[in-house]
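S.K.: Sharing a model prediction with you, sequence too.
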Amino acid sequence: MSTHDALSVRPVRFTDAIPAWRTVLDALGAVLLSEDDGWLVFQLGAGRLALHAAAGSSEAAGTTLLGLETSVPLEEAVSAAAGEGVPIELGDTDHGLAGIVTAADGVRLTVDTPSPNPRELEATQPGLAVMPVWHTTAGRVALDVLDGLGMRRRITLEDGTWADLTARGGGLHGVQPMSDVGTELAFELNGNLDLLLEPLTAAGVPARIAQEESGRVLRFADPDGGPALRVLEREPDLYSYALSEM
């Protein structure tokens, strides 16, 4: 198995609202894989999401840390990424030993060993993929890091306003050039967004669907009180976009 084959997307959301997040993720069809002292990992249809209690951590509630999982031994994965020019080193984080990437724009990303799934639990909404978004003033830098870690390009809009990549183990990763550097927790649904609107509203989570410039988007209330989180509806002709350099 190559380091590319072993990779999946698993961002970390630091939160003071774990019960509210569990309500949201249950409505989105995610399943809980593990829970240990303020660290929870959920399986989505594609990719995973970790929740980390903000209390006692180094991050503020509402912060999203970019993250990947690899079934390759960490030392091997870190060495392979470093060989591709990724600024990565092995170190300790709030959730244990990980490969730590510090990009030139200051954004951090961790590469972790995967949480086990011995019962082979599967999400009840298989079309939903986690898709964290890296906002950056240097899209080329972000893409080089994700390329070097083993993700594969999917689309790059010709006007340079968006790019995303896939992980063979599951999940997507967006890159969006912006004037402010940061991260965003987002999702993509391969299906009709109404499939998510009904369970979210039934669970008491404010949500709405709107036609936006990027297509149909569902936005739902962030349990941490930030701006509404988005779920993009996958366009059927997604692969018709031409590739271009950012």
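M.R.: Ah, there it is. All of these numbers come straight from a predicted model, not from anything done at the bench.

S.K.: To what extent is Ala167 buried, counted in neighbours?
M.R.: By the criterion of other C-beta atoms under 10 Å, Ala167 has 27 neighbours. Glycine gets a C-beta too; all of them are placed from N, C-alpha and C.

S.K.: What's the local residue count around the closest residue to it other than its chain neighbours?
M.R.: Computed as C-beta to C-beta, 6 or more residues apart in numbering, the closest residue to Ala167 that is not its neighbour in sequence is Leu7, at 4.6 Å. Other residues within reach of Leu7, judged by other C-beta under 10 Å, total 27.

S.K.: Please apply the same query to Pro227.
M.R.: 10.

S.K.: Tell me who's in contact with Pro126.
M.R.: 29, 45-46 (C-beta atoms under 8 Å, 6 or more residues apart in numbering).

S.K.: Domain-wise, how is this protein divided?
M.R.: Listed by automatic domain parsing, the domain ranges of the chain are 7-112, 128-240.

S.K.: which stretch among those domains comes nearest Leu121?
M.R.: domain 7-112 (4.6 Å; C-beta to C-beta).

S.K.: so how far is that closest one from its chain's centroid?
M.R.: Computed by C-alpha atoms, centre = their mean, to the nearest Å, the separation of domain 7-112 from the middle of its chain amounts to 9 Å.

S.K.: Ends of that domain, what's the gap?
M.R.: 10 Å (C-alpha to C-alpha, to the nearest Å).

S.K.: per-residue confidence averaged over stretch 222-237?
M.R.: Taken as a whole, stretch 222-237 has an average pLDDT of 91.

S.K.: contacts for that stretch?
M.R.: Outside stretch 222-237, the residues touching it (C-beta under 8 Å, 6+ apart) are 13, 15-17, 20-21, 23-24, 61-62, 127-128, 131, 185-193, 196, 214-221.

S.K.: Pull out the buried positions in stretch 90-98.
M.R.: 93-95, 98 (16 or more other C-beta atoms under 10 Å).

S.K.: Mind giving me the PyMOL select for the contacts of stretch 222-237, buried ones only?
M.R.: Written as a PyMOL command, the selection of buried residues from the contacts of stretch 222-237, which uses 16+ other C-beta under 10 Å, is:
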select buried, resi 13+15+17+20+21+23+24+61+62+127+128+131+185+186+187+188+189+190+193+196+216+217+218+219+220+221
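
S.K.: Out of the contacts of stretch 222-237, which sit inside strands?
M.R.: Counting by DSSP state E, the part of these found in strands is 13, 15, 128, 186-189, 215-220.
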